[in-house]
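A.B. asks: Structure, please.
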Amino acid sequence: MNGSSAVGLESTLNVIERFISFNTESSRSNLELVDWVEGSVKGPRVSCFRTFNAEKSKATLCITVGPPVDGGVVLSGHIDVVPVEGQAWSSDPYSLRQADGRLYGRGTCDMKAFGAIAVAHIPYFLASNIAKPVHIVLSYDEEVTSRGSIAVIEEFGRSLPKPSSVIVGEPTMMKVADTHKSISTYYTTVTGHEAHSSKPNIGANAIMGACELVDELYRFAARLEKETDPSGGLEPAYSTINVGTISGGTARNILARECKFHWEFRGLPGIPQDLAVRHLERYASAKVLPRLRRYTDDATISTIVGTEVPGLVREPGSMAETLALKLSESNETVAMPFATEAGQFQVRGYPTVLCGPGNVDQAHQPDEYIAVDQVESCMRFMRRLGEYLKG
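C.D. replies: Here you go, the predicted structure:
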């Protein structure tokens, strides 16, 4: 891959095709794709660094192109994808199909195309004799925890050169996005005490307690809705709560011993990530637990954190924003409704924005696609980056 500086559309599409061909659903290993990428890019002035999950079944790959000095640019994107099970695809989701100016396949939009385009342009970056490096970060588990990039981020400034700015290539139609909400997910378990339903005075119904907690979460969500901040450009322009699953009990005539529910909080940038869980814990201690413990001391309520992804807070005039606007030939920024690893970079001190090809409305859909003209727009972005890093 390092043999030529010319990077055309066909060669770029070939790299995208290879990225798509690897099934990297979040429940599976991504090592085959990581091995293929690393084997393809090895050569002078290119170094690769991996971090792994606890089971060593997944890796985040950081490819540093150019001189190993501080002040480079990170191009970050995840290579895990959501499942295709149960979706009605018109063709094999892991075989790239081109039709009507679109590229179909799982991950084309969200977001293997960005990583593939960056990798395809490594020969161009090298031929440009860039003075500062490009760090291409291909991470795992963004779709489930967004923690796959953290270990690599923490190596910048230690075993890896410290970058000056970060561009996360999530699908923004190549617009520069400088803000998004945080997301925190939780598992709440209510434990009661079984009893025959004809004798509720000798037990504690965990379902009753869980329902009270869920009801309070939605009352709190209604309060948050009134604290709208339209200035940020987010839609909806307020923090939100959702309870996604709930399960408990064993039979209609038994007071449930246990009930669990899985919920999330998406906070406006700058809002404390633990705002909702702290509210729930206070309500549980003050209202729900006393009722559950009227007839038994066994009742408990516990909440554990599943995922905490920081929001991306607007930093007008940051190095990342200025650079991305220049490379995309834009003069304004937008906000995005989804959470990304961008907040992970920002909270560790790196100016960060989003800018990548594709329309997020296509993400996670059957027959997911990216328009070819979006690929071409991202290719121009990469060429401008090479020119910028020369100086």
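
A.B. asks: domain ranges for the chain?
C.D. replies: Listed by automatic domain parsing, the domain ranges of the chain are 9-180+312-390, 183-309.

A.B. asks: What's the end-to-end length of the first one?
C.D. replies: Put plainly, it is domain 9-180+312-390. 23 Å (CA to CA, to the nearest Å).

A.B. asks: Tell me where the chain has helices.
C.D. replies: 9-21, 31-41, 113-120, 122-127, 150-153, 206-225, 275-283, 289-292, 319-328, 342-347, 372-390 (DSSP state H).

A.B. asks: any low-confidence regions in the protein?
C.D. replies: Flagging of the chain using pLDDT under 70 yields the residue ranges 1-6.

A.B. asks: Just the endpoints, please. Distance across stretch 165-175?
C.D. replies: Taking CA to CA, stretch 165-175 runs 17 Å from one end to the other.

A.B. asks: how many neighbours does residue 174 have?
C.D. replies: For residue 174, the neighbour count with other CB atoms under 10 Å is 21. C-beta: built from backbone N, CA, C; applies to glycine.

A.B. asks: Same check on residue 382?
C.D. replies: 21.

A.B. asks: Could you pull up the contacting residues of residue 64?
C.D. replies: Neighbouring residues of residue 64 by CB atoms under 8 Å, 6 or more residues apart in numbering: 46, 47, 48, 49, 72, 133, 134, 135, 160, 161.

A.B. asks: Quick check: the gap between residue 354 and residue 320.
C.D. replies: 10 Å (CB to CB, to the nearest Å).

A.B. asks: what is in contact with these two at once?
C.D. replies: Here residue 354 and residue 320 share the contacting residues residue 167, scored by CB under 8 Å, 6+ apart.

A.B. asks: hmm, back to that, deepest of the helices of the chain, which one?
C.D. replies: Of all those, helix 113-120 carries the top mean neighbour count, a mean of 28, counting by mean count of other CB atoms under 10 Å.

A.B. asks: Can you spell out which helices and strands pack onto that helix?
C.D. replies: In terms of contacts (3 or more CB pairs under 8 Å, 6 or more residues apart in numbering; DSSP states H and E), helix 113-120 is packed against helix 9-21, helix 31-41, strand 73-78, strand 134-139, helix 372-390.

A.B. asks: before we move on, the earlier item: is it possible to get the helices of the chain out as a markdown table so that each row also shows distance to residue 84?
C.D. replies: Below are the helices of the chain laid out as a markdown table (distance: least, CB to CB, whole Å):
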| stretch | distance to residue 84 |
| --- | --- |
| helix 9-21 | 12 |
| helix 31-41 | 16 |
| helix 113-120 | 17 |
| helix 122-127 | 29 |
| helix 150-153 | 27 |
| helix 206-225 | 31 |
| helix 275-283 | 32 |
| helix 289-292 | 42 |
| helix 319-328 | 31 |
| helix 342-347 | 26 |
| helix 372-390 | 22 |
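
A.B. asks: Which one, of the ones you listed, ends up nearest to residue 104?
C.D. replies: When these are compared by CB to CB, helix 9-21 sits nearest residue 104, at 9.1 Å.

A.B. asks: re earlier: right, so of the helices and strands packed on helix 113-120, which gets closest to residue 107?
C.D. replies: helix 9-21 (5.8 Å).

A.B. asks: Identify whichever of the helices of the chain lies nearest to residue 96.
C.D. replies: Going by CB to CB, the one of those nearest residue 96 is helix 9-21, 4.2 Å.

A.B. asks: List the contacts of the closest one.
C.D. replies: Counting by CB under 8 Å, 6+ apart, 1, 33, 36, 79, 94-96, 98, 103, 105-108, 112-113, 115-117, 119-121, 372, 375-376, 379 sit against helix 9-21.

A.B. asks: Please tell me how far residue 287 sits from residue 310.
C.D. replies: For residue 287 relative to residue 310 (CB to CB), the value is 30 Å.

A.B. asks: Could you do residue 101 as well?
C.D. replies: In terms of CB to CB, residue 101 sits 36 Å off from residue 310.

A.B. asks: Looking at those two now, which is surrounded by more residues?
C.D. replies: residue 310 (24 against 10).

A.B. asks: who touches the more buried one in this structure?
C.D. replies: Applying CB under 8 Å, 6+ apart, the residues contacting residue 310 are 182, 273, 343, 344, 346, 347.

A.B. asks: swap in residue 279?
C.D. replies: Listed by CB under 8 Å, 6+ apart, the contact partners of residue 279 are 216, 220.

A.B. asks: Distance-wise, check residue 144 relative to residue 83.
C.D. replies: 11 Å.

A.B. asks: Residues in contact with both of those two, list them for me.
C.D. replies: residue 26.

A.B. asks: still on that earlier bit, need the max-distance pair from the contacts of residue 310.
C.D. replies: 273 and 346 (13.4 Å).

A.B. asks: Against residue 252, how distant is residue 172?
C.D. replies: Distance, residue 172 to residue 252, using CB to CB: 50 Å.

A.B. asks: So for those two, which sits in the more crowded spot?
C.D. replies: residue 172 (23 against 6).

A.B. asks: OK, contacts around residue 370?
C.D. replies: Contact partners of residue 370, counting by CB under 8 Å, 6+ apart, are 102, 103, 108, 109, 113, 171, 357, 358, 359, 362.

A.B. asks: Could you pick out the buried ones from those?
C.D. replies: Neighbour counting by 16 or more other CB atoms under 10 Å classes 102, 103, 108, 109, 113, 171, 357, 358, 362 among the contacts of residue 370 as buried.

A.B. asks: Return the subset of those residues lying in strands.
C.D. replies: Per DSSP state E, strands hold the following members of the buried ones among the contacts of residue 370: 102, 103.

A.B. asks: okay if I get the buried ones among the contacts of residue 370 as CSV plus distance to residue 214?
C.D. replies: Putting these into CSV (distance: CB to CB, whole Å) gives the following:
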residue, distance to residue 214
102, 41
103, 42
108, 37
109, 33
113, 39
171, 33
357, 39
358, 35
362, 32
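
A.B. asks: In the buried ones among the contacts of residue 370, find the pair that's most separated.
C.D. replies: 102 and 171 (13.6 Å).
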